[in-house]
Structure formats: C-alpha cells, structure tokens
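Novice: return a 3D structure for these sequence lines:
(chains A, B, C and D)
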Number of protein chains: 2
Amino acid sequence: MRLSHAIQDYLKTIYALGVEGRPVSTTAIARRLGIAPASVTGMLQRMASMSPPLIHYRKRRGVTLTEEGERIALETLRHHRLLETYLVVNLGYSWDAVHEEACRLEHVISEDFERRIAEALGNPERDPHGDPIPTPDLTMPQSDSCPLASLQPPQRAVVRRVCNEEPPFLRHIARLGLKPGVRLEVLERSAFDHNLRLRLEGHEDELILGPAVTERIYVEVIS
Amino acid sequence: MRLSHAIQDYLKTIYALGVEGRPVSTTAIARRLGIAPASVTGMLQRMASMSPPLIHYRKRRGVTLTEEGERIALETLRHHRLLETYLVVNLGYSWDAVHEEACRLEHVISEDFERRIAEALGNPERDPHGDPIPTPDLTMPQSDSCPLASLQPPQRAVVRRVCNEEPPFLRHIARLGLKPGVRLEVLERSAFDHNLRLRLEGHEDELILGPAVTERIYVEVIS
DNA sequence: ATCTTAATTTAGGATATACTAAATACGTGT
DNA sequence: ACACGTATTTAGTATATCCTAAATTAAGAT
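Specialist: Purely as a prediction, here's the structure:
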C-alpha cells in the first residue's frame, strides 16, 4: 500500500527526533513540521490504527516507530539522501540548495529510480552533508563521530557531518571551509562562552566558532 | 501561486485533447483521466473561477485553456518530456518505462531542476518518443509530420514520433525497429484493412502493419 | 493538597478531490 | 414538434489533511 507524502514526512520526523527509542512528543513533531499540535494528534491516532500500525501511540506519552514505520522512514530517508547526493554530484547543485528539492522528490521516485541513481553514484554511504545513507536493505550505517563542541585542545579531528539543513548555515560553513573530510586542530576552548579556536588543515588563519556552530558539526577524532 | 498536481493534470489533458482551439468535453477529460464525469465538472468549475482563470468554461459546451492555463500546461509538458529524455539518456531507462516515472516527477521539480537537466541534455527539442518539448519560453516546436497510415506506396519517410505511451505498445514498436529517426519505404497498401507493407532501412525482411499501429506513428515524407 | 502552567486531546470546521445517484439539457431521427 | 438516448450538471457523501478554540491532563511549585 502506497502511503501519503504527509505520512512519510511524519515518519521521517519521528525517526529523526526519536534518539535511542525514546518516545517523541506531539509538540516536538508539530514544531518540526510547522503544523499545529492538534493536527499532529489526529494524524498520530490515524497512523497508530492503520494495519499494520506505523507507530506505537500512548496518549500523552508520545510515539515510537513500529518496525513497519521505521522501514518506511528509512526508505524515505534513503531516497532523500541519495537524491541530495545525486543533485550535487550529477547536476551541479550546491550543497545548500538540495534539501528542499530532495524533500519534494523523495516521495515520488520509484524503487527503480532509487536503484539507478545509487548505482550512478557508486552506492555512496554518505550524502554531501556527511549524513549516512541507509543501505539498500535499510540499515543505517553507524559511525562514531561526536560534536566538534565536545573537543578539547589540542585534539585533532576530521569533519564528518554537518547537522543543519538551513541554506544560510550551510553557506556559512562552506565559506569557512568546514566541509566533510577537512582536518582540523583545536587550539583553544574558552571557558564561559565555549567558543573554540581552531585551525583547518591547509589554511593559514584561525577560526573562532561559537557553540551554535560547533554543536552542529560532527567530527571524528584523530588518535 | 503553486497549483496542485491534479490541476496540472487536468490542464495537460485539456491541452492534449484540444486540437486547434476546439473546446474539450467533460466526458473526454473524464475518460482520459480515468475519473467520473461528475468529478470533472466540479473541478472545471473551480478552475474557471480561479484568478486568474485557467480555463474558459461554458456549461455543456466544454472548455478551452486561457493563456494562463496553457502556460501551465506547457510548463508541465516541458517538465514531463525533459524528464523522459533525461531518464533515458542519463539514467539508462528504456523508452517504455519513462512515462509513469515522469508523470510523478513532473509536478515536483523546480525551475532550477528543469534548467539543469535541459542543459545536461543540450536543450533537446524532442523526447525519446519524438514528442516535441516546449521551449524554455513555452512555445511548442512545430513539425509537419503525418500519420504513417496516410502514406501511399512507393513513398519514403522518416519516423518522427510514436504517439502512444503504453509500455506494451512501445516495446512492440521497438522490437520492430520503428524508433524515431529510422527511414522506411512503403511497398504496398492493402485495400480494405488498410494494412501497410513496408521495409525499414537496413532491414532485410518486410513488415506488415495494421492501422492500429500506423495511425500512431508519425513520419516525415522524404521528397 | 492545591494551584498554575504547559502539553495534549477533543470538537467542530475548512479545503481539495474524489465518488454515486438523480436531475436536466441537447441533438437526432421521426 | 417530440421523444429518446447521451452528455452533463447538481446534490449529497467520503477521505485526507490541515485549522482554531475549548477542554482536559500531567507535572512542578507553594
């Protein structure tokens, strides 16, 4: 049975908000999707009473995904991230412009289309922002990156992932040269504002970044 | 203002059925879209009363497109045919598999996406079936092809266009080698069933085709 | 234990897009 | 001019997805 775009978006959202199986609240979903909480309640009730059910719903306790719900969330996420990658690699989009386009395309492409772009890209494991792409059998590649914000001088690390889809943020990051794959060294962490001073590999000048940035950038520490 | 997929489909259909400005009937639209005539009436009324109106609607007389309606029909058709071309040329689809995929994608791609695939393809004027692709300023390329069915021996012609999207039909045509660009010579036209006997350039054996096929294949006569 | 506030759900509507059944208009042949 | 069959429209419903306003529940503070 073909599910609606709206439902696919709900599932993606619940997947994204539900770290380690903890239930996701109505309000959190509403905020993320930009719709009224009351509308979310209605939809959650419907999704819980479908067969098979897409979510476990406990009144006023929040929701978690069923196996079926997670399957569809991952399917949609795979579409999204493969599309983002394809748009950048094969159609010359800049990385800040792909999210919106992929959000619309992800709901309508066929499994055939998915397979073809995956193959054209060489079955990538990461999209241009470094987000892991669910594999064809819908398991999410794991990685042990941590927020840049958690590093201490003089640790060195590689940028792995930028966790914010907003175009202005992404343009800012790109201008600084912080794209996935870039190596960096933390020079100083200031006490109260938690700013980080760091140097990027191959760059002369230093950067100072606040937590609003460093918490969104995930890195892998170089031992 | 962004129009719904449904409305875009109605406009495409009215465009396709409305040869030389003649009004299109409710029933014809319903048949083509596979929905009930009553549903079409409702939608046509809505489309006629939008601002700007998308169609001229005269009760029980049928509808024609307004300038705005035609603009959107052509825009959608441009999307559709560029997508079909892109799927065949850049993603290796066979020509009988692209219609369905393009029907879903055409409603969600951005103008930016349109521009990029057009450029990647070298701004083609025809899709894989030979259908003309509206230009970026939304004029439809004209051509003077005619149905293969209208030829008489010993006329010679080039296949230009196959006017039927059904995958089995397209597979049949491809198996015969009748793709756009192929030259052929009409050897005989039989009197009552209007079968055509013909030979394709570069093929040894002859073909005999009935009107169900020859009326769907458009050719340009070689003088 | 109660009060207050924030989160959530219920109730009642709106819109877009379909449906079926019934009513109406049109065009053709007599 | 009329009657019949076909095309079309109207009327009344259904579903999906959103909304706002009001009611309810839960959780933390006094």
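Novice: neighbours around residue A:1, how many?
Specialist: 5 (other Cβ atoms under 10 Å in any protein chain shown). In this view, the C-beta of every residue, glycine as well, is placed from N, C-alpha and C.
Novice: in which helix or strand does residue A:161 reside?
Specialist: strand A:156-162 (DSSP states H and E).
Novice: which helices and strands does the longest helix anywhere in chain A pack with?
Specialist: Using DSSP state H, we find that the single longest helix of chain A is helix A:67-91. Judged by 3 or more Cβ pairs under 8 Å, 6 or more residues apart in numbering or on different chains; DSSP states H and E, the packing partners of helix A:67-91 are helix A:5-17, helix A:98-105, helix A:111-120, helix B:111-120.
Novice: now render the ones you listed as a markdown table, adding mean neighbour count and distance to DNA strand D.
Specialist: Below are the helices and strands packed on helix A:67-91 laid out as a markdown table (neighbours: other Cβ atoms under 10 Å in any protein chain shown; distance: least, Cβ to the nearest atom of the strand, whole Å):
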| stretch | mean neighbour count | distance to DNA strand D |
| --- | --- | --- |
| helix A:5-17 | 20 | 4 |
| helix A:98-105 | 20 | 13 |
| helix A:111-120 | 16 | 20 |
| helix B:111-120 | 16 | 23 |
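Novice: possible to save the ones you listed as JSON lines with mean pLDDT and distance to DNA strand C?
Specialist: JSON lines is the format used below for those (pLDDT from 0 to 100; distance: least, Cβ to the nearest atom of the strand, whole Å):
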{"stretch": "helix A:5-17", "mean pLDDT": "97", "distance to DNA strand C": "11"}
{"stretch": "helix A:98-105", "mean pLDDT": "98", "distance to DNA strand C": "16"}
{"stretch": "helix A:111-120", "mean pLDDT": "98", "distance to DNA strand C": "23"}
{"stretch": "helix B:111-120", "mean pLDDT": "98", "distance to DNA strand C": "20"}
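Novice: residue A:35 is nearest to which of the ones you listed?
Specialist: Each of the helices and strands packed on helix A:67-91 has some distance to residue A:35 by Cβ to Cβ; the shortest is helix A:5-17, at 9.5 Å.
Novice: show the contacting residues for the residue of chain A found nearest DNA strand D.
Specialist: Per Cβ to the nearest atom of the strand, residue A:4 is where chain A lies closest to DNA strand D, at 2.7 Å. Listed by Cβ atoms under 8 Å, 6 or more residues apart in numbering or on different chains, residue A:4 has no contact partners.
Novice: any idea of the pLDDT on it?
Specialist: The per-residue pLDDT reported for residue A:4 equals 96.
Novice: then residue A:46?
Specialist: With respect to pLDDT, residue A:46 has a value of 96.
Novice: just checking, next helix/strand downstream of the helix or strand hosting it?
Specialist: Per DSSP H and E: residue A:46 is located in helix A:37-48. As assigned by DSSP H and E, the chain's next helix or strand after helix A:37-48 is strand A:55-58.
Novice: partner strands of that following strand, parallel or antiparallel?
Specialist: Here strand A:55-58 is paired, per DSSP bridges, with strand A:62-65 (antiparallel).
Novice: now the partner strand, how far from the centre of its chain.
Specialist: Its chain's average C-alpha position is 19 Å from that of strand A:62-65, according to Cα atoms, centre = their mean, to the nearest Å.
Novice: are that strand and DNA strand C in contact anywhere?
Specialist: Yes. Judged by Cβ under 7 Å from any atom of the strand, strand A:62-65 comes into contact with DNA strand C through residue A:62.
Novice: which non-adjacent residue is nearest residue A:102?
Specialist: Nearest residue to residue A:102, sequence neighbours excluded (Cβ to Cβ, 6 or more residues apart in numbering or on different chains): residue A:83, at 4.1 Å.
Novice: over to residue A:37?
Specialist: In space, and not counting its chain neighbours, residue A:37 is closest to residue A:30: 4.2 Å by Cβ to Cβ, 6+ apart.
Novice: who in chain A is up against chain B?
Specialist: A:87, A:90-93, A:97, A:100-101, A:104-105, A:107-110, A:112-113, A:116-117, A:120 (Cβ under 8 Å from any Cβ of the partner chain).
Novice: and with 7 Å instead?
Specialist: Residues of chain A lying near chain B by Cβ under 7 Å from any Cβ of the partner chain: A:91-92, A:101, A:104-105, A:108, A:110, A:113, A:116, A:120.
Novice: for the residues you listed, work out which two are farthest apart.
Specialist: Farthest pair in these (Cβ to Cβ) is A:92 and A:110. Separation: 23.7 Å.
Novice: residue A:122: neighbouring residues, count only.
Specialist: When neighbours are defined as other Cβ under 10 Å, residue A:122 has 9 of them.
Novice: again with the one 5 residues further on
Specialist: Neighbours of residue A:127 under the rule other Cβ under 10 Å: 27.
Novice: how near is the residue nearest to residue A:102 to residue A:41?
Specialist: 31 Å (Cβ to Cβ, to the nearest Å).
Novice: between these two, which is the more surrounded one?
Specialist: Higher neighbour count among residue A:83 and residue A:41: residue A:83, with 23 against 16, using other Cβ under 10 Å.
Novice: quick one: contacts for that one?
Specialist: Going by Cβ atoms under 7 Å, 6 or more residues apart in numbering or on different chains, residue A:83 touches A:102, A:105-106.
Novice: what residues does chain A have near DNA strand C?
Specialist: Proximity of chain A to DNA strand C, by Cβ under 7 Å from any atom of the strand, involves residues A:25-28, A:37-38, A:40-42, A:44-45, A:59-60, A:62.
Novice: okay if I get these as a markdown table plus distance to residue B:157?
Specialist: Shown next, in a markdown table, are the residues of chain A next to DNA strand C (distance: Cβ to Cβ, whole Å):
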| residue | distance to residue B:157 |
| --- | --- |
| A:25 | 68 |
| A:26 | 66 |
| A:27 | 67 |
| A:28 | 65 |
| A:37 | 65 |
| A:38 | 64 |
| A:40 | 61 |
| A:41 | 64 |
| A:42 | 60 |
| A:44 | 61 |
| A:45 | 62 |
| A:59 | 71 |
| A:60 | 73 |
| A:62 | 68 |
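Novice: now restrict the residues you listed to buried residues only.
Specialist: Neighbour-count burial within the residues of chain A next to DNA strand C applies to A:25-26, A:28, A:40-41, A:44, A:62; the criterion is 16 or more other Cβ atoms under 10 Å in any protein chain shown.
Novice: quick one: which two of these are the most distant?
Specialist: Maximum distance among those (Cβ to Cβ): 12.8 Å, for A:28 and A:41.
Novice: re the thing from before, residue A:92 and residue A:110 - which one has more neighbours?
Specialist: Counted by other Cβ under 10 Å, residue A:92 and residue A:110 do not tie: residue A:110 has more neighbours, with 14 against 10.
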